[in-house]
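S.K.: based on what follows, work out the 3D shape:
(chains A and B)
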Amino acid sequence: MKTRTSITGNIFAWVFAFISIAPFVYVLALSFLTPGGITFKYYYDVFLGSSQYLLRFWKSLLICLVIVVGQLLVSILAGYGFAKCDFPGKNVLLFILMILMVLPLQVTLAPNYIMLDKLGLLDTYYALILPSIFIPLGTFILTQSFKSVSEDIIDAAKLDGCGLFRMLTKIVLPMNTSGLVCVTLLSFLDGWNMVEQPIAYIKDFLRYPISVALAYVPPADPTLQLVCCILVVLPPLFLFTYFNQELVEGIVLAEVK
Amino acid sequence: MKKKALLIFTLIFWIVGACTFLSIKVEEQMIPQVTAVEPDGGWDRDSSLPADCLIEDENGLHLYKLYEGTGWEAGTRATEEQGWLLGEDKLILGNSSWGDFVQYSSKPLREGELVEVVRGGSKTEDHWLAVFPEGLELELAWDDADLPGGVTAEEWGQRAVQLYVEDDTVPFMASRAKSRVPYLAGATVYSFNDMNQLLDNFTAFGLLLGIFTAVLVIWAFSCVYSKEARRNRWYLCVNLALGVLLLACVPLVLNTVDLPSSLLPRERITDFGTITRAIDEFFGALKSFAPPAAATGELKPSLPESIAGQEIVAAKNMVIARPILFGFFGAFFAAIFALAERVVMYIRRRPRIK
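M.R.: Predicted structure coming up:
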């Protein structure tokens, strides 16, 4: 009976794996194949023929890295404050944060637009970076993650003369790597896949990140768009393969909790 | 999994980084240079253009108009114009047309292609080599031919002729050369200055190939070191630093590259066949000017009689093997570097008797 369940489970796993991976394999295959046979023409066009695809790729990557670093910094400090410090109105603030989190992105576009306009940041990369840094999801995840650190450990560290910064860097963060990885991945993907914000905040086509510019690739050549997709998928693919273990651990821990 | 992902993606991102620098250069170099002309005429009569605005390729004759693109296609581009009529010595455009049209181009154009419009242009001394296709041999006495001022025939054979030009306009455009010397119609015309310029880039090609092979060798050794990643972390860091350093060298080398537009392939710079065919045809034609080896009474291959021909053959012999040689050196030095790392590893970790 046990063997039968295992085989069924395996079959399901393979079927789901195939369904998940099939679109990527399809895109990869079609990027090489044309009615005339196998061709590297479109790879040449994207990787050598024109610099605009790769320059846009690096610019988008840089924007995402700034967003990730900024959001990690904000989320770690805010998350630690919410999880381990007592201050008046903490629960109200956390509640507001949760409400902000469930608001659809489209709702925040207009207020952000007005704020960025008043700050004179429209049509600049700051318009993409600043609102993304303060997305509340990272703070919420890290607040929950930091809450799992035992108070006894914190007290012991305090008794040993450990300051706030050292406690954060030497004790709390190393104990919550899966939470950090989760925030890193989510904020990176958020930044990498952003579409509405650049369209709303940026007018100059040259400043569009690759996620938006991809839609404007000459439609006469769908294969060119597929090769661009391969280029675009590289950073997330790297992050997922590199942080694979932490992600699985995080999911397992979440299940145990 | 972590190590494998890091190693594979480090190489992928290195290649994407190098491709970024290469694509900037390729894009800059592959842009055809064109001269523009405005149609004459007005509201009351048909506009006309010089007849040499027609650009010939394997699909026939084309007339190109310049326009400004937007979005991904930003910049000055050429689009094919229809509805023209070939008159006696000029092109008649249907309605009163306006805007700039392409007159000469450094290479055949494609629909919607980005172009660089050259206005004016300096004059320089040059030699042209015209190679006629089989069946189009000119039975012309080139020394008595009615050539335009500033152009003299230096050497000629059955299928090729070498001309000296006192005041050629830079950049060289074969169609402009044919317009100046009508006898060259149907021939493939090469510029000695452009061929020399192409040969000057062989050292840079070699260095680039050397950088790529060096990175591949270093990466392969890093894969071996990564089996004991913690123990070999310093060597891996050194290899990574070397990889970054080599990546920084790519734009420095590319900065020295300046390719002649007239010798580049029409569509992709990786169409090496087009470049090698041009080199073969050019030096094959020059060889046909040389006296038979038996007549010279020397063992060394005979050279063309003109000084310019001899110089360019010597330049080619000097640089032609450089790309492969430098590519090999790149791999060799990287392997030596990696072996030195292994030696340092052995010395630091050898068993010691206290």
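
S.K.: measure residue B:88 to chain A for me?
M.R.: 39 Å (CB to the nearest CB, to the nearest Å). The way it works is simple: take the backbone N, C-alpha and C, and place the C-beta from them, glycine included.

S.K.: what about that residue, how many neighbours?
M.R.: When neighbours are counted by other CB atoms under 10 Å in any protein chain shown, residue B:88 registers 6.

S.K.: what residues sit buried inside the helix or strand harbouring residue A:77?
M.R.: Assigned by DSSP states H and E, residue A:77 belongs to helix A:51-84. Buried residues in helix A:51-84, counted by 16 or more other CB atoms under 10 Å in any protein chain shown: A:51-54, A:56-57, A:59-61, A:63-64, A:66-68, A:70-72, A:74-76, A:78-84.

S.K.: can you tell me which helices and strands that helix packs against?
M.R.: Secondary-structure packing of helix A:51-84 (3 or more CB pairs under 8 Å, 6 or more residues apart in numbering or on different chains; DSSP states H and E): helix A:90-102, helix A:126-133, helix A:136-147, helix A:177-192, helix A:210-213, helix A:222-242, helix B:2-30.

S.K.: what about that helix, distance to the chain center?
M.R.: On the basis of CA atoms, centre = their mean, to the nearest Å, helix A:51-84 sits 8 Å off its chain's mean C-alpha point.

S.K.: give me the angle between it and helix A:222-242.
M.R.: 30 degrees (axes from the mean of the first three to the mean of the last three CA atoms, to 10 degrees).

S.K.: quick one: residues contacting residue 50.
M.R.: Went with chain A since none was named. B:23, B:27 (CB atoms under 8 Å, 6 or more residues apart in numbering or on different chains).

S.K.: that's the wrong chain, I meant chain B
M.R.: Applying CB under 8 Å, 6+ apart, the residues near residue B:50 are B:37, B:90-91, B:103.

S.K.: the residues you listed, buried ones only, as a ChimeraX selection?
M.R.: Per 16+ other CB under 10 Å, the buried members of the contacts of residue B:50 correspond to this ChimeraX selection:
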select /B:90,91,103
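
S.K.: and which of the contacts of residue B:50 is nearest residue A:157?
M.R.: Comparing those against residue A:157 with CB to CB picks out residue B:103 as the nearest, at 79.1 Å.

S.K.: quick one: least confident helix or strand in chain A?
M.R.: Lowest by mean pLDDT, DSSP states H and E among the helices and strands of chain A is helix A:244-256, with a mean of 68.

S.K.: what's the domain layout of the chain?
M.R.: Because you didn't say which chain, this covers chain A. Per the record, chain A has its domains at A:1-39, A:51-256, by automatic domain parsing.

S.K.: wait, I meant chain B there
M.R.: Split by automatic domain parsing, chain B gives B:2-26+B:200-349, B:34-114, B:123-191.

S.K.: which residues touch residue A:149?
M.R.: Contacts for residue A:149 were tallied using CB under 8 Å, 6+ apart; they are A:83-84, A:171-172, A:175-176.

S.K.: pipe those into a markdown table and attach pLDDT per row.
M.R.: Shown next, in a markdown table, are the contacts of residue A:149 (pLDDT from 0 to 100):
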| residue | pLDDT |
| --- | --- |
| A:83 | 89 |
| A:84 | 85 |
| A:171 | 88 |
| A:172 | 89 |
| A:175 | 90 |
| A:176 | 88 |
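
S.K.: who's in contact with the closest residue to chain A within the stretch 201-350 of chain B?
M.R.: Proximity to chain A, evaluated over the stretch 201-350 of chain B using CB to the nearest CB, is greatest for residue B:268 at 5.5 Å. Neighbouring residues of residue B:268 by CB under 8 Å, 6+ apart: A:41, A:44, A:48-49.

S.K.: try it again at 7 Å.
M.R.: A:44, A:49 (CB atoms under 7 Å, 6 or more residues apart in numbering or on different chains).

S.K.: need the pLDDT of the residue nearest to residue B:100 when sequence neighbours are not counted.
M.R.: Leaving aside its sequence neighbours, residue B:100 sits nearest to residue B:36 (CB to CB, 6 or more residues apart in numbering or on different chains; 4.0 Å). Residue B:36 carries a pLDDT value of 90.
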